[in-house]
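>>> Provided below are the primary sequence and the corresponding predicted coordinates.
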Protein chains: 2
Amino acid sequence: MSTGSFKVVKGSKKTKARIGELKTAHGMIETPVFMPVGSKAAVKTLTPHEVKEIGFSAILSNTYHLYLRPGHEVIEKLGGLHKFMGWDGMILTDSGGYQVFSLSKIFDVTDDGIDFASHIDGSRHFLTPEDVVDIQAALGSDIAMVLDECPPYPAEKEHIRLMMNRTLNWAKRSKTRFHGLNHETGGEMILFGIVQGGMHKDLRKESAVKTVDIGFPGYGIGGLSVGEPRELMLEMLEETLQHIPDDAPRYLMGVGDPEGIAGAVRLGVDMFDSAMPTRIARNGTVFVKGGRLNILNSAFTLDERPLDEDCDCYTCANFSRAYLRHIYATRETLALRLLTWHNLYFVRSLIESAKKEIRES
Amino acid sequence: MSTGSFKVVKGSKKTKARIGELKTAHGMIETPVFMPVGSKAAVKTLTPHEVKEIGFSAILSNTYHLYLRPGHEVIEKLGGLHKFMGWDGMILTDSGGYQVFSLSKIFDVTDDGIDFASHIDGSRHFLTPEDVVDIQAALGSDIAMVLDECPPYPAEKEHIRLMMNRTLNWAKRSKTRFHGLNHETGGEMILFGIVQGGMHKDLRKESAVKTVDIGFPGYGIGGLSVGEPRELMLEMLEETLQHIPDDAPRYLMGVGDPEGIAGAVRLGVDMFDSAMPTRIARNGTVFVKGGRLNILNSAFTLDERPLDEDCDCYTCANFSRAYLRHIYATRETLALRLLTWHNLYFVRSLIESAKKEIRES
């Protein structure tokens, strides 16, 4: 199998869920897979060894952040992102488009590319779809994403169509650049296309069909989980997935809540990423069976139980709610680590349960 | 051997340094020993397993902080500090006096005790020397310290004498209370006296002689490393140590800089604690052979070397200066962990080298 090859190993008999294998330059990735987010070359609060210990084989890192700091040339000179951050698993890099739109206060999108001001120091930058492929190659990404334009929610349909068409055009240019590059570098990197189309079934279909026409070894589904109700998200997702071939990995970008992941796996999604599990942990919120709890709740002052009595993560095996509440309230960094560990372990367990269900169906 | 027993196992032939063994309810502690500080029941940024992995057998925790949050009764109800924080090694608790003087903006010391306002919420509290013994017993401390009054530097000699006499008086009261308590609890806790006396040899001598007259299984040397030059610190330390029996452990409170530890070990000090190695790590400063370096130095942007090429700590084994600089600059929590790990490992290695030197002398 060459890098980018994907094979469905087992399909569920009850739903569209499936177990697959995706070959990358840093290992065979079993899907469904959740990729913790290491925006700036670190999964927040954790070492790469811990991320692996929790059970993850792949992470996502942010092109936008690394382009600005320390700079992709710096990382390239230091031997690439894997070596730089000490992670030998798979790395998917996003294209950076989403971060420009969400972090930069000043940006201007033209057919040619994106002009934006750094959210850190206001410096001006201009990136084309080709630049974004080059940057991801310099980082040494295993899976690169094409530059796309993600519409806000809600948005005018004509605006969404314009953005969709621009994304399609950029996808073609990205693929051309990627082929030139891969010819030089030996073809270790994989490039995924991205389907947009907002909350309109016809646009979702058009975007999916045309992106598949361009042809990629895998497809990101973008522009979902941007504020819309979960039902609408799942409806758009289902429409989109109908038009992506079964033998390609489908990556639902930015979805990380347990219910969202569970629902999407049943519809046939193979890959996920989200900063949410780690972000809410740092805000004191943890996943537990059937919901969430906030560690600052005064009911936990004398609570000797672990966060989740069914969880066997490091945090739950060693620390009580009372202790976690105390160190969170007193702003100990250790609290952020322990809650992050638990939330990521929870998501990993959810994925494992989903796989078990598929195997046993 | 009963708890509190101390035995000098090997004395240096070249200096007054010695290797000793101190029996505590949580293990035999080999001295010289450095105790990392876990003020609020957590060594900053690290898990208890990591503190042990780095090589530490004992930590210090702060009575003042734990009395205020979550409260010693809470910790007692939850089974004591060891269970609460997941640390099965030795715990020494300070008396809290020093924190009152350094953190509380409003306090009033009388012969009876200390009246102070919490630095957190301004609530008023009054603690006697007896209370402080009780609180440490409730925490389940292995080694408790008597309440003492630490003079500022510089201070008037008559003021220092007054504080010294008050500390002596409090030491007697603490010992009396401790004996009553230990009778109830089975005698697992150890109580150390504290020598004060500012930067005056005659007061240091008087304080030491009179504290030893009261009689404790170990002696803290307080009021040093409070801003005075290192030479003066070592001079006062030497004077003090002359009047403490050789067969008792000597604990130099609040000293944690490598040069200070090395000098004090040679004078016969057995125990150390300091928040400095962990605090400066969080400020981006790390110990290296022959000095310190600040991780933000732009010279490290492309520096592939570890922090210290002779160090084999987790951080140095896995990460480059370039990476550490990047994650420190981008405010990743992981940077604080990795720098803290290195600094504590450095101090632990220093202690190990000192022991080796004593053994081979």
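Sure, I can see it.

>>> helix/strand/coil for residue A:125?
Look at residue A:125: counting by DSSP: H, G, I helix; E, B strand; the rest coil, its state is strand.

>>> Which other helices and strands does the worst-scoring helix or strand of chain A on mean pLDDT contact?
Every helix and strand of chain A was ranked by mean pLDDT, DSSP states H and E. The lowest is helix A:97-103, at a mean of 88. Applying 3 or more Cβ pairs under 8 Å, 6 or more residues apart in numbering or on different chains; DSSP states H and E, one finds that helix A:97-103 contacts helix A:63-68, strand A:114-117. To be clear about C-beta, it is placed using only N, CA and C from the backbone, and glycine gets the same treatment.

>>> ok, and for the last one, which residues are buried?
Translated: strand A:114-117. Across strand A:114-117, burial judged by 16 or more other Cβ atoms under 10 Å in any protein chain shown covers A:114-117.

>>> what's the average pLDDT for the helix or strand following the least confident helix or strand of chain A?
Per DSSP states H and E, the first helix or strand lying C-terminal to helix A:97-103 is strand A:107-109. This predicted structure assigns strand A:107-109 an average pLDDT of 93.

>>> for stretch A:158-177, same thing?
Mean predicted confidence for stretch A:158-177 is 98.

>>> Name the surrounding residues that touch it.
A:109, A:111, A:128-130, A:132-134, A:146-151, A:191, A:193-194, A:196-198, A:200, A:203, A:206-207, A:210-211, A:214-216 (Cβ atoms under 8 Å, 6 or more residues apart in numbering or on different chains).

>>> in the sheet, who's paired with the residue positioned nearest the centre of chain A?
With the centre of chain A defined as its mean C-alpha position, the nearest residue by Cα atoms, centre = their mean is residue A:273, 2.5 Å away. Residue A:273 forms beta bridges with residue A:35, as assigned by DSSP bridges.

>>> Spell out which residues make up each domain of chain A.
Using automatic domain parsing, the domain parsing of chain A gives A:6-274, A:275-356.

>>> could the ones you listed be laid out in JSON lines, adding distance to residue B:255?
Formatted as JSON lines, those follow (distance: least, Cβ to Cβ, whole Å):
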{"stretch": "domain A:6-274", "distance to residue B:255": "30"}
{"stretch": "domain A:275-356", "distance to residue B:255": "24"}
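
>>> Show me the one of those domains that comes nearest residue B:220.
Closest of the domains of chain A to residue B:220 is domain A:275-356, at 25.2 Å (criterion: Cβ to Cβ).

>>> Around chain B, which positions in the stretch 101-250 of chain A sit nearby?
Neighbours of chain B within the stretch 101-250 of chain A, by Cβ under 8 Å from any Cβ of the partner chain: none found.

>>> one more time with 10 Å
Applying Cβ under 10 Å from any Cβ of the partner chain, one finds that the stretch 101-250 of chain A approaches chain B through residue A:120.

>>> Would you state the strands of the stretch 101-250 of chain A in chain order?
A:107-109, A:114-117, A:124-127, A:143-145, A:190-195, A:219-221, A:250-252 (DSSP state E, counting those that start in this stretch).

>>> just to revisit the earlier point, can I assume the residue nearest to the centre of chain A is in contact with residue A:33?
Yes - taking Cβ atoms under 10 Å as the definition, residue A:273 is a contact partner of residue A:33 at 9.2 Å.

>>> quick one, phi/psi of residue A:121?
Main-chain torsions, residue A:121, degrees, to the nearest 10: phi -130, psi 10.

>>> what about it, distance to chain B?
Per Cβ to the nearest Cβ, to the nearest Å, residue A:121 is found 12 Å from chain B.

>>> now swap in residue A:161 and tell me
Relative to chain B, residue A:161 is positioned 37 Å away (Cβ to the nearest Cβ).

>>> burial count for that residue?
19 (other Cβ atoms under 10 Å in any protein chain shown).

>>> With just CA atoms, put the least confident helix or strand of chain A into PDB.
Listed next in PDB are the C-alpha coordinates belonging to helix A:97-103 (Å, rounded to 0.1, in the frame of the first residue of the first chain):
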ATOM      1  CA  GLY A  97      -7.800  29.400   6.300                       C
ATOM      2  CA  TYR A  98     -10.200  28.900   9.200                       C
ATOM      3  CA  GLN A  99      -7.700  30.500  11.700                       C
ATOM      4  CA  VAL A 100      -7.300  33.500   9.400                       C
ATOM      5  CA  PHE A 101     -11.100  34.000   9.400                       C
ATOM      6  CA  SER A 102     -11.500  33.400  13.200                       C
ATOM      7  CA  LEU A 103      -8.300  35.000  14.600                       C
END
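
>>> how about it: buried residues?
Using 16+ other Cβ under 10 Å as the test for burial, helix A:97-103 gives A:97-101, A:103.

>>> biggest separation within these, which pair?
Largest pairwise distance in these, by Cβ to Cβ, is 11.2 Å, between A:97 and A:103.

>>> any shared contact partners between the two?
Listed contacts common to residue A:97 and residue A:103 are A:64, A:116; contacts here mean Cβ atoms under 10 Å, 6 or more residues apart in numbering or on different chains.

>>> sorry, back to before: now, which of the contacts of stretch A:158-177 lie within helices?
A:129-130, A:132-134, A:203, A:206-207, A:210-211, A:214 (DSSP state H).

>>> Tabulate these (a markdown table), appending neighbour count and pLDDT.
Output for those, formatted as a markdown table (neighbours: other Cβ atoms under 10 Å in any protein chain shown; pLDDT from 0 to 100):
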| residue | neighbour count | pLDDT |
| --- | --- | --- |
| A:129 | 27 | 98 |
| A:130 | 18 | 98 |
| A:132 | 29 | 97 |
| A:133 | 29 | 97 |
| A:134 | 18 | 96 |
| A:203 | 23 | 98 |
| A:206 | 19 | 98 |
| A:207 | 31 | 98 |
| A:210 | 18 | 98 |
| A:211 | 29 | 98 |
| A:214 | 15 | 98 |
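
>>> quick check, nearest of these to residue B:42?
Nearest to residue B:42 out of the ones in helices among the contacts of stretch A:158-177 is residue A:132 (Cβ to Cβ; 41.8 Å).

>>> Around the nearest residue to the closest one once chain neighbours are set aside, count how many other residues there are.
Spatial nearest neighbour of residue A:132, excluding adjacent residues (Cβ to Cβ, 6 or more residues apart in numbering or on different chains): residue A:147 at 4.4 Å. Per other Cβ under 10 Å, the neighbour tally for residue A:147 reads 29.

>>> Let's see stretch A:124-134 as CSV, backbone CA atoms only.
The C-alpha trace of stretch A:124-134 is given here as CSV (Å, rounded to 0.1, in the frame of the first residue of the first chain):
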residue,chain,number,x,y,z
ARG,A,124,0.7,41.7,6.8
HIS,A,125,0.8,38.4,5.0
PHE,A,126,-0.5,37.1,1.7
LEU,A,127,-1.0,33.4,1.1
THR,A,128,-2.1,31.6,-2.0
PRO,A,129,-3.4,28.0,-2.2
GLU,A,130,0.0,27.1,-3.5
ASP,A,131,1.8,28.7,-0.6
VAL,A,132,-0.3,26.8,1.8
VAL,A,133,0.7,23.5,0.2
ASP,A,134,4.3,24.5,0.3
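
>>> Run the chain-centre distance for that stretch.
Offset of stretch A:124-134 from its chain centre (Cα atoms, centre = their mean, to the nearest Å): 20 Å.

>>> just the strands in the stretch 251-361 of chain A please.
A:271-274, A:285-288, A:291-294.

>>> looking at these, which is buried most?
Among these, ranked by average contacts under mean count of other Cβ atoms under 10 Å in any protein chain shown, first place goes to strand A:271-274 (a mean of 24).

>>> What sits closest to the residue of the stretch 151-300 of chain A found nearest chain B if chain neighbours are left out?
Closest contact between the stretch 151-300 of chain A and chain B, by Cβ to the nearest Cβ, is at residue A:282 (8.4 Å). Closest residue in space to residue A:282, ignoring its immediate chain neighbours: residue A:336 at 5.1 Å, by Cβ to Cβ, 6+ apart.
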